[in-house]
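Asks: here is my input; please provide its structure:
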Amino acid sequence: MVDKDEWLVVVDRQKVFAQSDWSTWACADGSYYATDEPFKRLANAYGDRVAYTRYIAPDKPRDAWVDYFKDWPQFLVPPDDPMYDFTDETAELAKGHPVVSRTTFGKWGDELKRAVQGARKIAVCGVATDCCVLQTALAAADDGVAVRLIEDACAGSTPENQKLAIETMKLFTPLITVINTKELLG
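Replies: Modelled structure (predicted):
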């Protein structure tokens, strides 16, 4: 059941993480698309209480990011590059909702707190579970926010990494509760 004071945070449902025909950052084996139906159900259930995030590359990488982007130079593009667009189904559902774009894997911070109007309960879904979702959920929980991770609405970089990330977040119970869409919405 969706709590009336809970927001849904949709992490990085972008083309760069979905389209494996050109992106080496895409979730393995088309697993991104297996999250479409659970995501749509969640977005509709939460109505106006949905915030979206986008990963964007920094204009000029600094510190440890310099070495990181030596391995991934093809992703050092401006924030308005089409690879950082939401996938079509996500873009449609995101219309009229707050969108937070950050150059970090973790999206939890002042801007996302404002986007969810200071909510102290959030449900989280998106990609990649083992990167941006994990970082966002842990930071929110560390900030004292009750987090419900919606497992079937998340996709990892690989099935193995998905499982590892889910098991890692389970270590933070009760700050982070791992459930699925059916448990939440029936």
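Asks: next up, phi/psi of residue 76, please.
Replies: Main-chain torsions, residue 76, degrees, to the nearest 10: phi -90, psi 80.
Asks: how about the one 5 residues further on?
Replies: Dihedral angles phi and psi of residue 81 (degrees, to the nearest 10) take the values phi -60, psi 140.
Asks: cool, residue 5 as well?
Replies: Per degrees, to the nearest 10, the backbone of residue 5 is at phi -110, psi 10.
Asks: and the strand ranked longest in the chain, what's buried?
Replies: Counting residues, the longest strand found in the chain (DSSP state E) is strand 146-155. Buried positions in strand 146-155, judged by neighbour count with 16 or more other Cβ atoms under 10 Å: 146, 147, 148, 149, 150, 151, 152, 153, 154, 155. For glycine as for every other residue, the C-beta is placed from the backbone atoms N, C-alpha and C.
Asks: then stretch 66-81?
Replies: 69, 75.
Asks: which residues does it contact?
Replies: Stretch 66-81 has contacts (Cβ atoms under 8 Å, 6 or more residues apart in numbering) with 16, 24, 25, 54, 56, 57, 59, 61, 83, 84, 101.
Asks: quick one, which of those residues are buried?
Replies: For the contacts of stretch 66-81, buried by 16+ other Cβ under 10 Å: 16, 25, 54, 56, 57, 61, 83, 84.
Asks: closest to residue 168 out of those?
Replies: residue 25 (20.2 Å; Cβ to Cβ).
Asks: so the closest one sits in a helix?
Replies: No. Judged by DSSP: H, G, I helix; E, B strand; the rest coil, residue 25 forms no part of a helix; its state is coil.
Asks: contacts only, for it.
Replies: Residue 25 neighbours (Cβ under 8 Å, 6+ apart): 16, 17, 72, 75, 128, 157.
Asks: turn the residues you listed into CSV, including pLDDT.
Replies: Listed next are those as CSV, based on pLDDT from 0 to 100:
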residue, pLDDT
16, 97
17, 97
72, 92
75, 95
128, 97
157, 96
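Asks: what ranges does this structure have for its strands?
Replies: Under DSSP E, the chain gives strands at 6-11, 50-55, 99-102, 121-127, 146-155, 176-179.
Asks: right, and those strands - which one's nearest residue 37?
Replies: Closest of these to residue 37 is strand 146-155, at 8.8 Å (criterion: Cβ to Cβ).
Asks: could you give the mean pLDDT of the closest one?
Replies: For strand 146-155, mean pLDDT rounds to 98.
Asks: what's the closest non-adjacent residue to residue 179?
Replies: Of all residues beyond its chain neighbours, the one nearest residue 179 is residue 148 (5.8 Å), with distances taken as Cβ to Cβ, 6 or more residues apart in numbering.
Asks: ok, now which ones touch the residue nearest to residue 30 when sequence neighbours are not counted?
Replies: Distances taken as Cβ to Cβ, 6+ apart place residue 20 nearest to residue 30, at 6.6 Å, with adjacent residues excluded. Residue 20 makes contact with 26, 27, 28, 29, 30 under the criterion Cβ under 8 Å, 6+ apart.
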